[in-house]
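Trainee: Sharing a sequence plus its predicted fold:
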Amino acid sequence: MGDATGAANGVTSRSKVLPPFPDDIKTAPLVTLYLAKLLSHDVEEHARLFKASKNLGFFYLDMRGCPEGETLLKGKDALFETAEEFHTLPLDEKLKCDYASRGTYAGYKGVGREVIDRLGTRDRNAIYNMPKDDILGINPDPYPVPPLIEAQHDELEKYVKANNAVLQTLFSSLNKSLQLPDGTLNNLHRPTEPSMCHVRFICAPPHPPEDRGVTSLGEHTDFGSLTILFNRVGGLQVQLPGEAKEWVYVRPVEGCAIVNMGDAMVVFTKGLLRSNLHRVITPPGEQADITRYSLVYFCRPENAVVMTPLHGGLLDQVAGEAKDDEPGESSAEWMKRRHLGRKLEYFKGPETWDNARGTEGTRMAV
Ligand SMILES: O=C(O)CCC(=O)C(=O)O
Ligand SMILES: [Fe+2]
């Protein structure tokens with residue numbers, strides 16, 4: 001469980017105290033926003049969210065000090081335990097929920113079953129994806145889950161709802177800052193409607209000593225709208241905007257989620273909001289010796305939403321259209337194209353990689 005003192009260093013996992021994130025490495029200058037302030041309609045905090053969403057597109061969201069955030073923090077502690085339990089199951093148990101051949105992102109993906117670049121280099125992460133629609137009972141034909149996940153159904157349901165409460169707060173705030181008609185962003189992301197939102201358990205075993213510094217998860221921008229990520233150890237890096245294209249670690253901070261914009265927000269806002277490149281490499285310092293777990297909630301637009309720029313408010317003053325590759329593509333098609341292009345089962349070469357790209361090349365310079 002998380003360490004109640006508030007420092008990310010020294011937090012415990014199921015079996016041990018985690019080694020500290022080093023103090024002597026360069027880290028990304030993510031601003032810290034406060035959920036409690038956004039909920040109490042603090043005008044300055046809304047402006048800070050808008051600024052962070054335009055500048056780096058990544059920020060810490062401190063969840064402490066309000067029931068909505070505390071519920072999320074409790075949920076993530078419980079689900080880190082579940083993630084460890086799931087990923088330590090025997091491989092044949094996990095492979096029972098590998099649904100890649102069905103053309104879905106749902107279920108288990110073993111280490112090396114995705115590519116991380118055009119050349120087909122394999123990833124070093126195992127992941128388990130649980131669709132929001134399965135958890136909330138919206139999908140009439142949910143993917144089978146192992147008993148230990150079934151046993152956590154209520155916890156997962158609470159977690160999805162807690163994430164959605166936070167997401168709706170963020171969408172309302174950004175909607176106001178963009179001066180869009182009331183509810184525009186929120187109505188593209190109603191949790192009760194079918195969408196490809198999901199909870200993900202990520203597990204990266206330690207890299208062998210000769211491979212330290214290697215990439216586990218290649219550079220990418222997220223496909224969807226907003227991502228709420230919890231890290232306990234380092235390894236996540238963002239590429240700082242600017243000519244130097246410098247990669248720096250993101251320090252995990254206890255009590256805070258790492259939130260980032262995905263490509264859907266870039267498309268909707270003609271590039272006004274930024275989805276920043278990020279990747280996962282060997283965790284820094286002593287953290288390199290342990291298995292790295294992370295917990296993610298990916299929020300995507302409802303399946304029926306068309307991936308095209310929105311109109312109104314400030315967006316009417318933004319020149320130019322984002323070059324979304326296929327105007328008219330639905331959110332469901334966009335997510336599937338991008339996801340399957342990375343799966344080993346579907347990767348045929350550099351063209352598959354290129355076809356799975358999003359807005360990485362079209363974002364505004366800041
Ligand atoms: O594991 C992490 O810290 C980040 C994972 C990530 O970027 C992703 O799954 O899209
Ligand atoms: Fe990501």
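Mentor: Ah, there it is. Ligands and ions are numbered 1, 2, ... in the order given.
Trainee: Please, which helix or strand holds the residue of the stretch 51-200 of the chain found nearest ligand 1?
Mentor: Minimum separation of the stretch 51-200 of the chain from ligand 1 (CB to the nearest ligand atom) falls at R200, amounting to 6.1 Å. (Glycine included, C-beta is placed from N, CA and C.) Using DSSP states H and E, R200 maps to strand 198-204.
Trainee: helix or strand right after that strand?
Mentor: strand 215-220.
Trainee: relative to strand 198-204, how tilted is that next one?
Mentor: 140 degrees (axes from the mean of the first three to the mean of the last three CA atoms, to 10 degrees).
Trainee: same for strand 215-220, what does it pack against?
Mentor: For strand 215-220, the elements it packs on are strand 198-204, strand 278-281, judged by 3 or more CB pairs under 8 Å, 6 or more residues apart in numbering; DSSP states H and E.
Trainee: quick check: longest helix of this structure.
Mentor: helix 153-177 (DSSP state H).
Trainee: what's near enough to touch the closest residue to W247 other than its chain neighbours?
Mentor: The spatially closest residue to W247, leaving aside those adjacent along the chain, is Q237, at 4.6 Å (CB to CB, 6 or more residues apart in numbering). By CB atoms under 8 Å, 6 or more residues apart in numbering, the contact set of Q237 is A28, W247, V248, Y249, V250, H278, R279, V280, I281.
Trainee: circling back: now the strand holding R200: mean pLDDT?
Mentor: Average pLDDT, strand 198-204: 97.
Trainee: List the contacts of it.
Mentor: 79, 82-84, 86-87, 105-106, 124-132, 135, 156, 159-160, 163, 216-217, 235, 280, 291-298.
Trainee: Name the helix or strand for the residue positioned nearest the centre of the chain, please.
Mentor: Nearest to the centroid of the C-alpha atoms of the chain, with distances taken as CA atoms, centre = their mean, sits T227, at 3.6 Å. In the assignment (DSSP H and E), T227 maps to strand 226-231.
Trainee: Compute the inter-axis angle for that strand and helix 153-177.
Mentor: Angle between the axes of strand 226-231 and helix 153-177 is 130 degrees (criterion: the same axes, to 10 degrees).
Trainee: And the pLDDT at the closest residue to G285 other than its chain neighbours?
Mentor: Using CB to CB, 6+ apart and skipping the chain neighbours, the partner closest in space to G285 is P22 (3.9 Å). pLDDT recorded at P22 is 97.
Trainee: Tell me which residues touch P22, please.
Mentor: If you count contacts by CB under 8 Å, 6+ apart, P22 has them with G234, P284, G285, E286.
Trainee: By neighbour count, which of those wins?
Mentor: G234 (25 neighbours; other CB atoms under 10 Å).
Trainee: show me the contacts for that one.
Mentor: G234 touches F21, P22, Y249, V250, R251, P252, P283, P284, G285, Q287, counting by CB under 8 Å, 6+ apart.
Trainee: Might one say that the first one is in contact with G285?
Mentor: Yes - F21 sits in contact with G285 when judged by CB atoms under 8 Å, with a separation of 7.2 Å.
Trainee: about what we covered before: wait, the residue nearest to the centre of the chain touches D263, no?
Mentor: No - the criterion here is CB under 8 Å, and T227 misses it with D263 at 10.8 Å.
Trainee: what's the neighbour count on the nearest residue to P350 once chain neighbours are set aside?
Mentor: Excluding its sequence neighbours, the residue lying closest to P350 (CB to CB, 6+ apart) is R118, at 4.2 Å. Neighbours of R118 under the rule other CB under 10 Å: 15.
Trainee: Roughly how far does R118 sit from E351?
Mentor: Separation of R118 from E351 (CB to CB, to the nearest Å): 9 Å.
Trainee: what do you get for A244?
Mentor: Distance from A244 to E351, by CB to CB: 30 Å.
Trainee: who has more neighbours, these two?
Mentor: Neighbours were counted for A244 and for E351 using other CB under 10 Å; E351 has more, 11 against 8.
Trainee: The more buried one belongs to a strand, doesn't it?
Mentor: No - judged by DSSP: H, G, I helix; E, B strand; the rest coil, E351 forms no part of a strand; its state is helix.
Trainee: pLDDT score assigned to it?
Mentor: Turning to E351, the model gives it a pLDDT of 77.
Trainee: quick one: contacts for it?
Mentor: With CB under 8 Å, 6+ apart, E351 has no contacts at all.
Trainee: sorry, back to before: which SS class is the residue nearest to G285?
Mentor: Secondary structure of P22, reduced to three states by three-state DSSP: coil.
Trainee: interface residues of the stretch 151-300 of the chain facing ligand 1?
Mentor: Contact residues, the stretch 151-300 of the chain versus ligand 1 (CB under 6 Å from any ligand atom): I202, L217, D222, L229, N231, L236, H278, V280, S294, V296.
Trainee: Widest-spaced pair of these?
Mentor: D222 and N231 (14.8 Å; CB to CB).
Trainee: The nearest residue to I258 once chain neighbours are set aside pairs with what?
Mentor: What sits nearest to I258 in space, not counting adjacent residues and going by CB to CB, 6+ apart, is L229, at 4.5 Å. Listed by DSSP bridges, the beta-bridge partners for L229 are I258, V296.
Trainee: Now for L229, how many residues are close by?
Mentor: L229 has 22 nearby residues by other CB under 10 Å.
Trainee: tell me the SS of the closest residue to F268 other than its chain neighbours?
Mentor: Leaving out its chain neighbours, the residue that sits closest to F268 by CB to CB, 6+ apart is L310, at 4.8 Å. On the three-state scheme (three-state DSSP), L310 is labelled coil.
Trainee: what's the distance between L310 and L188?
Mentor: 8 Å.
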